[in-house]
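Chemist: Next come a sequence and a model predicted from it.
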Amino acid sequence: MKLKNKTIIVTGASRGLGAAMAEECAREGAQLVITAPSLAELDTVTGKVRAAGGRVEPVQADMVRPEELEALVARTLELFGQIDGLVNNAGINYVKPFLEIDPREWQRVLDVDLNGAFRLTQLCAREMHRAGRGGSIVQIGSVHTHASLAGAAPYDAAKCGVVGFSKAAAVELAASGIRVNILSPGLCGTEIWKDIVAAAPSEKECRDYWNANIPGQRLVTPLEVAKCCVFLLSDDSSCVTGANIFADLGMTSLLVSREPYASKNINATES
């Protein structure tokens, strides 16, 4: 088991990627503290982990409330006496044209996705530094840290900010054995995909369009992201820090979408 006897905090663990990462961490032997804005949201994941024999404690924590993040860290130490890993997954998004974004919407995204991630990273890193055992912090980023889509300005600003402070933290904390990395998924088969399909003319047209923009020609699964996360939390990645790893089936490496026709080979000619 890659995470045996490690205590891991996973935020935004009630569904989607957060739930998948919490469950995979438990399968790999971690003892977990999972969070969401309300305890009721965590019932399903808590039940699955406990039914599989894992140790998990659900804790209510809102990323915009510093006192609740402090209480989360204190509760983790009270229960398990240590913090070995943090997965900063909690986040929100607004999709709206740039000229129509309300400053309050902008600030809300930054408060949750950037400021909350900074606060909890700092709190956990302080405990890791004090304990002297090192640790691993994984920020859940996005392909939006590489390029953008229309309507994504607040989300892009927040996620790019997370990359920035995480690289700075990785440099400062490396000598203490504390690693800070960013895991940036591409389009995943989560609730976001359901929203995208609902806004499309048909699921087939939607899937065909996105498959033309993903070299792997499919969605990334939550389990695939979870396994990458476990790698970054585990000692297998002991030399990896300050990295932004794209789990995107090649999306960020694609220059333009695939042609809707069969291209011929182009032979090299000297000019």
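Modeler: Everything's here; your move. Small disclaimer: the values here were computed from a predicted structure and weren't measured. Numbers count the residues shown, from 1 in each chain.
Chemist: got the contact list for Leu219?
Modeler: Applying Cβ atoms under 8 Å, 6 or more residues apart in numbering to Leu219 gives the contacts Leu187, Cys188, Gly189, Trp193, Trp210. Glycine gets a C-beta too; all of them are placed from N, C-alpha and C.
Chemist: change it to 6 Å
Modeler: Neighbour list for Leu219: Leu187, Cys188, Gly189 [criterion: Cβ atoms under 6 Å, 6 or more residues apart in numbering].
Chemist: Then Gln139?
Modeler: Listed by Cβ under 6 Å, 6+ apart, the contact set of Gln139 reads Asn88, Val162, Ser166, Ile182.
Chemist: now those residues as CSV including distance to Ala26?
Modeler: As requested, these are exported to CSV (distance: Cβ to Cβ, whole Å):
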residue, distance to Ala26
Asn88, 18
Val162, 25
Ser166, 25
Ile182, 23
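Chemist: Keep only those of those residues that are in strands.
Modeler: Mapping the contacts of Gln139 onto strands (DSSP state E) picks out Asn88, Ile182.
Chemist: So what's the gap between the worst-scoring helix or strand of the chain on mean pLDDT and the chain middle?
Modeler: Using mean pLDDT, DSSP states H and E, the weakest-scoring helix or strand in the chain turns out to be helix 191-198, at a mean of 83. Chain-centre distance of helix 191-198: 18 Å, with Cα atoms, centre = their mean, to the nearest Å.
Chemist: Packing partners of it?
Modeler: If you count contacts as 3 or more Cβ pairs under 6 Å, 6 or more residues apart in numbering; DSSP states H and E, helix 191-198 packs onto no helix or strand.
Chemist: Which residues belonging to that helix are considered buried?
Modeler: Residues Trp193, Ile196 are the ones in helix 191-198 that count as buried (16 or more other Cβ atoms under 10 Å).
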